[in-house]
Each structure stands twice: as C-alpha cells, then as structure tokens.
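Engineer: predicted structure and sequence below. I'll ask about it afterward.
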Amino acid sequence: MKKTAAATKSAAATKSTAVKKTAAATKSTAVKKTAATTKSAAVKKSAPVKKVTVAPKKAAAAVKGAPAAKSVAAPPKGESQTALVRRARRINRELAEVFPYAHPELDFENPFQLVVATVLSAQTTDLRVNQTTPALFAKYPTPEDLAAANPEEVEEILRPTGFFRAKTKSVIGLSKALAEQFGGEVPGRLEDLVKLPGVGRKTAFVVLGNAFGRPGITVDTHFQRLVRRWQWTAETDPDKIEAAVGALFPKSDWTDLSHHVIWHGRRICHARKPACGACPIAPLCPAYGEGETDPEKAKKLLKYEKGGFPGQRLNPPQAYLDAGGRAAPPLGAG
C-alpha cells in the first residue's frame, strides 16, 4: 500500500512538472509569436519613407551665368517669417544675376507711350504691341492727337493686338482724360493714374516704376503664378499679393523684383511646363519637380534669348544689348 501511494505521488509530481514545463513552453512560444506579430504589424503600419526630390547639381547648366543647384528642394513647412524673407531675397538676388538687364519689354520713349502700350499689352504679347505702336504714335504722337482721333482709324491700327475695339475705347478715353484733366501730361501719382480709362494698379505701377522711377510691384499673371509656387504667399487677389510680397522686400527693390519675376516666368517657369531642370533657383523652390527635371529636356523648354530666341523689344535699351540681349525680329521670322 505504501509503495503504491508513493508511486502514485511520484507520478503526480512528474505529471505536474510536465504540465508546468508545457505551460511555460506554450507561454514562451506565445510571447515570441506575439512579439513577432507586433513587430511585423509595426513595420507594415509605419509610413513609407517619402521620396525627396533633389535638385540636380547642374540644374542651371542650360542658363548662361546661372549658379548651379546645390541642395534639396523641399516644401518649407513651418518656415518662419524671417526664413521666408531670407529665401525670397536670395531668389531675387540670384534672378538678378541671371537677368541683369531685366526691364519692361514694351518699347516706349515717354510716359504717354508707356501707358498706352501697357494698356494694349492685355491678352497679347509685348512683341505684337511693339510692332503695332510705331504706326499709332507716328499718327497720334500726343494725348491731344489721340483724343481727337477717329475711332475707326485707331481700331484698324490696333486690330493685330486683339480686343481692338475695347482697347481703342480705352486709349482714346485715357488720352482725353490726360488732355482735359492733366494738361496732356501723364500724372506721376498712383491715385491719379488708376482713374484713367483702362488703367488699373498693375498698369499704374508699370508706368510709375519705369517712367518715373517710383517703386511699385507689377502683379501680372506670371508674377502671381511664381510667388505662389515659391510659397511667398497663398493669396490669390492681386492687391493682397502685392501687399504680402511687398512686405518681404525693401521698397527700393520692388520695380526690379517685378522685372526679375516676370522675366523668369516668361522664360523658364512657364505655366504648364516649367523648365525645372534648367532653373537657376531650383534649390530654393518648393515647387521643384512640377515641371521637366531632365536638364536636356528642360533646356528645350526655355524661351526667348536664354533658349536661343530673342527678347520682345524691337528698340531695347542699350544696356540690354551690351549685356548680350538681342532685338526681336518680326513675328513669324526665325
């Protein structure tokens, strides 16, 4: 009886030990599987590494005299106002090196010719305006002459610029206002210029900056597109864009800044196919990669003199010619 009881006790102990070992092994296996599963799930849930678009080292190779891209182009998330000001001013400095002779691309000899040419430039090229105004100013050299003109004759001259009836009404109307209210002289104040028929803030700042040397920001379609791409502002209203961008620069820079941005928009940073691979400010642009990044393909997208084509002025300033610019040939030639 004692042996049987001892045997039974021994068997029970053995069974208990086996159960404990099995339980421990099962628990250990479960823990390992759970850890492995958790690690696997964590790996799967972790967000994929975002691909960073890197501006090529020779992004500006296609643009004569442009500095090479040196860094990564990435959206300036959380960019402070101070950092924004520094980046904006650096962009302007680098564009000034690429376009040292940037200027209004409308031919003019006096403020009257400039204000008329700027009004005519709406919805057409500056080159087309430059081909049209010589005949207009030869026949009507002063505001008084244009104010007294036969509208039908003016329409015929302005027909190539498009919307010629509305433009005829504007230029005759502003000429009458100049003759009657300002003694035949173009006023040098913003508040007076915007009262003239067909003259808004954009046209007024073109005239003030380039005929009177008074700083102003010209917010045309190129300017609006580029400052938003560069994240200088998210505004869409021209007046608000003007205020936001103006706050980033000294007032003395405003006119030249306008030229630099507009020239860059016309020649490199196009609306549909920006030439990112040939852009001298690629490292500073949050929108790098929206356009063609291959340098050779981007080079083919360049327009005007930087792509082998001339500028739009038929009678450009001497400084433009001295810096390597060329006068434009007639439309359709070359």
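Structural biologist: Perfect, I can see it now.

Engineer: can you pull the contacts of the most centrally placed residue in the chain?
Structural biologist: Closest to where the C-alpha atoms of the chain average out (Cα atoms, centre = their mean) is Leu226, at 1.2 Å. Going by Cβ atoms under 8 Å, 6 or more residues apart in numbering, Leu226 touches Val261, His264, Gly265, Cys269. All C-beta spots, glycine's among them, are computed from the backbone N, C-alpha and C.

Engineer: do the same with Ser170
Structural biologist: Val119, Pro197, Gly198.

Engineer: also Ala211?
Structural biologist: Phe108, Asn110, Pro111, Leu114, Val115, Val186.

Engineer: quick one: which of the contacts of Leu226 is most hemmed in?
Structural biologist: In terms of neighbours by other Cβ atoms under 10 Å, the contacts of Leu226 top out with Val261 at 29 neighbours.

Engineer: tell me if that one really is in a strand.
Structural biologist: No - using DSSP: H, G, I helix; E, B strand; the rest coil, the secondary structure at Val261 is helix, not a strand.

Engineer: for the protein, where's the lowest mean pLDDT among helices and strands?
Structural biologist: helix 2-45 (a mean of 48; mean pLDDT, DSSP states H and E).

Engineer: chain center to the helix or strand that that one is followed by: distance?
Structural biologist: Using DSSP states H and E, the helix or strand that follows helix 2-45 in sequence is helix 81-98. On the basis of Cα atoms, centre = their mean, to the nearest Å, helix 81-98 is displaced by 13 Å from the centre of the chain it belongs to.

Engineer: over to stretch 164-183?
Structural biologist: With Cα atoms, centre = their mean, you get 33 Å for stretch 164-183.

Engineer: how about it: buried residues?
Structural biologist: 164, 167-168, 170-179 (16 or more other Cβ atoms under 10 Å).

Engineer: need the pLDDT of Lys303.
Structural biologist: At Lys303 the predicted local distance difference test score is 85.

Engineer: wait, it touches His264, no?
Structural biologist: No - assessed by Cβ atoms under 8 Å, Lys303 is found out of contact with His264, at 10.9 Å.

Engineer: circling back: of the contacts of Ala211, closest to Asn130?
Structural biologist: Closest to Asn130 out of the contacts of Ala211 is Phe108 (9.3 Å), distances taken as Cβ to Cβ.

Engineer: now the closest one: closest residue in space that isn't a chain neighbour?
Structural biologist: Leu114 (4.0 Å; Cβ to Cβ, 6 or more residues apart in numbering).

Engineer: go on, Ala319?
Structural biologist: For Ala319, ignoring the flanking residues on the chain, the nearest one in space by Cβ to Cβ, 6+ apart is Tyr101 at 5.5 Å.

Engineer: so who does the one you found touch?
Structural biologist: Pro317, Ala319, Tyr320, Asp322, Ala323, Gly324, Gly325 are the contacts of Tyr101 under Cβ under 8 Å, 6+ apart.

Engineer: element containing the residue nearest to the fourth one when sequence neighbours are not counted, please.
Structural biologist: Residue nearest to Asp322 in three dimensions, not counting chain neighbours: Tyr101, with 7.8 Å by Cβ to Cβ, 6+ apart. When secondary structure is defined by DSSP H and E, Tyr101 falls outside every helix and strand.
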